[in-house]
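1. With the input below, show me the fold.
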Amino acid sequence: MEAFSDALVLASLTLLAIIVAIFVLAASLLGRAIQQAREEQQAASAREQEEAEAQATQLGKAIAEVQSKLKEAATSEAVSTLEGQLSQYKKERKTSEKQSKKAARRHHRYRALTVQWGILPTSMLVLASLVLAAAAQPVTAAAGYALLSVCGLFLLGACYRIYQSLRVVQEIAVTTEEAQFKREVEAFETALVRLEERKRPILSLKFIEAEPPFKFKPSSQQVIQFHVSLIWGDAARSTRIDFIAPEGFDFPGHEPYRRSLHVQEFPGALTAIFQIGDVLRDMTHYRKLNITAPATPGTYTLNYWLGGEGCIGRFEPFEVEIAE
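-> Numbers count the residues shown, from 1 in each chain. Predicted coordinates:
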């Protein structure tokens, strides 16, 4: 009996060391991962519980409806069909309620690595077995074996709790590694997108001699001068400028062109197109736009679109005032 008691004392001390090691591992290496996993699991469990409760509510309404129809059924065949539906709905409702309860309890497994719910109860089991193993030596054989049996049961309980804690540690470690890999992939993809955006050329159009709002007389023909340059990047290929005007304007000297009626921006609007071609760094391209003003005075908003291969094109408005 003395040898058995010494073996249990040694096993108790070994388990105490293991418990301390698990707590140190959980607190130092997996602290943030445990917190994050717990929060994610709680959120997932809450969603599953809400879905299960909603399903149970729907099944309850279906059961009530079937019961109502069952009372009104006239033939035995209809009664049999409704009773089968009722039985099936009740089975589904029980399954849904079980899932709801299971989801509500699932997030509690992470408590196995906390001091209050994991480390302290396991330590108490080991300490109790240590005390019983030490107390079994001076007593009679029958009482000693009884104490050692209880001591062994306590150690088995402690081993089971340690096993649960190690399973949670393994799950968190694997989940954290997968999440870390996913975050690294997402960060790499984001960096590539930002790099591509930074490499895109940026074009600039500036009016010269006069700046918007332009002031024209009714039905007069005017010339607007502008230049295009590259302010970011090495080159912009196949650059194009579209000047878009409302009804009443005209672009003499330009081939008549109207935008498609199916486009979202300015469908059917009169357009003057300038094919600039390739724009390189430190190069400026000058152009002139011939424009005929409408006969009706007022303030009109025109737009131009500047873009090219690999560029981000956008519509830029400018105003023209028609007055005597």
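2. rest of the way, CA atoms for contacts and neighbours
-> OK.
3. For residue 290, list the residues it contacts.
-> The neighbours of residue 290, taking C-alpha atoms under 8 Å, 6 or more residues apart in numbering as the test, are 221, 222, 223, 224, 251, 252, 253.
4. among the residues you listed, which one has the lowest pLDDT?
-> Across the set of the contacts of residue 290, residue 253 stands lowest in pLDDT, at 85.
5. ok, for that one, nearest residue in space, not its chain neighbours?
-> By the measure of C-alpha to C-alpha, 6 or more residues apart in numbering, the closest residue to residue 253 outside its immediate chain neighbours is residue 290, 6.9 Å from it.
6. Give the ranges of residues in the stretch 51-200 of the chain that sit below the confidence cut-off.
-> Scanning the stretch 51-200 of the chain for pLDDT under 70 picks out the ranges 51-67, 69-86, 88-90, 92-118, 137, 139-141, 172-181, 193, 195-199.
7. Select from the contacts of residue 290 the one having the most neighbours.
-> residue 251 (23 neighbours; other C-alpha atoms under 10 Å).
8. can you give me phi and psi for that residue?
-> Residue 251 adopts backbone torsions of phi -120, psi 80, taken as degrees, to the nearest 10.
9. now swap in the one 4 residues further on and tell me
-> Geometry field for residue 255 lists phi and psi as phi -70, psi 130, criterion degrees, to the nearest 10.
10. Next, give phi and psi for residue 285.
-> Residue 285 has phi and psi values of phi -110, psi 120 when expressed as degrees, to the nearest 10.
11. Spit out the contact partners of it.
-> Applying C-alpha under 8 Å, 6+ apart, the residues near residue 285 are 227, 228, 229, 276, 279.
12. Report the secondary structure state of the fourth one.
-> The reference is to residue 276. The assignment at residue 276 comes out as strand when based on DSSP: H, G, I helix; E, B strand; the rest coil.
13. Let me see the contact set for it.
-> Shown in contact with residue 276 (C-alpha under 8 Å, 6+ apart): 238, 239, 240, 241, 285.
14. and if we set it to 10 Å?
-> In this structure, residue 276 makes contact with 228, 237, 238, 239, 240, 241, 285, 286, 287, 306, 307, 308, judged by C-alpha atoms under 10 Å, 6 or more residues apart in numbering.
15. what's the answer for the last one, then?
-> Residues counted as contacts of residue 279 (C-alpha under 10 Å, 6+ apart) are 201, 203, 228-230, 234-239, 285, 308.
16. gap between it and residue 235?
-> Separation of residue 279 from residue 235 (C-alpha to C-alpha, to the nearest Å): 6 Å.
17. Common neighbours of these two, please.
-> Contact with both residue 279 and residue 235 is made by residues 201, 203, according to C-alpha under 10 Å, 6+ apart.
18. Would you mind giving the domain segments of this structure?
-> The record's domain split for the chain, according to automatic domain parsing, is 2-196, 202-322.
19. Mind listing what's buried along stretch 262-275?
-> For stretch 262-275, burial by neighbour count (16 or more other C-alpha atoms under 10 Å) applies to 266, 268, 269, 270, 271, 272, 273, 274.
20. now swap in stretch 201-219 and tell me
-> By neighbour count with 16+ other C-alpha under 10 Å, stretch 201-219 contains the buried residues 201, 202, 203, 205, 215, 216, 217, 218, 219.
21. Would you convert the residues you listed into a markdown table that also reports pLDDT, secondary structure and distance to residue 294?
-> Conversion of these to a markdown table gives the following (pLDDT from 0 to 100; DSSP: H, G, I helix; E, B strand; the rest coil; distance: C-alpha to C-alpha, whole Å):
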| residue | pLDDT | secondary structure | distance to residue 294 |
| --- | --- | --- | --- |
| 201 | 82 | coil | 36 |
| 202 | 83 | strand | 33 |
| 203 | 87 | strand | 30 |
| 205 | 90 | strand | 25 |
| 215 | 91 | strand | 12 |
| 216 | 91 | strand | 9 |
| 217 | 90 | coil | 9 |
| 218 | 90 | coil | 6 |
| 219 | 89 | coil | 5 |
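22. which one of those residues is nearest residue 136?
-> Within the set of those, residue 201 lies nearest residue 136; the separation is 84.6 Å, counting by C-alpha to C-alpha.
23. for the stretch 201-324 of the chain, what spans make up the strands?
-> Counting by DSSP state E, counting those that start in this stretch, the stretch 201-324 of the chain has these strands, from start to end: 202-208, 214-216, 221-232, 235-245, 270-280, 284-292, 298-309, 314-322.
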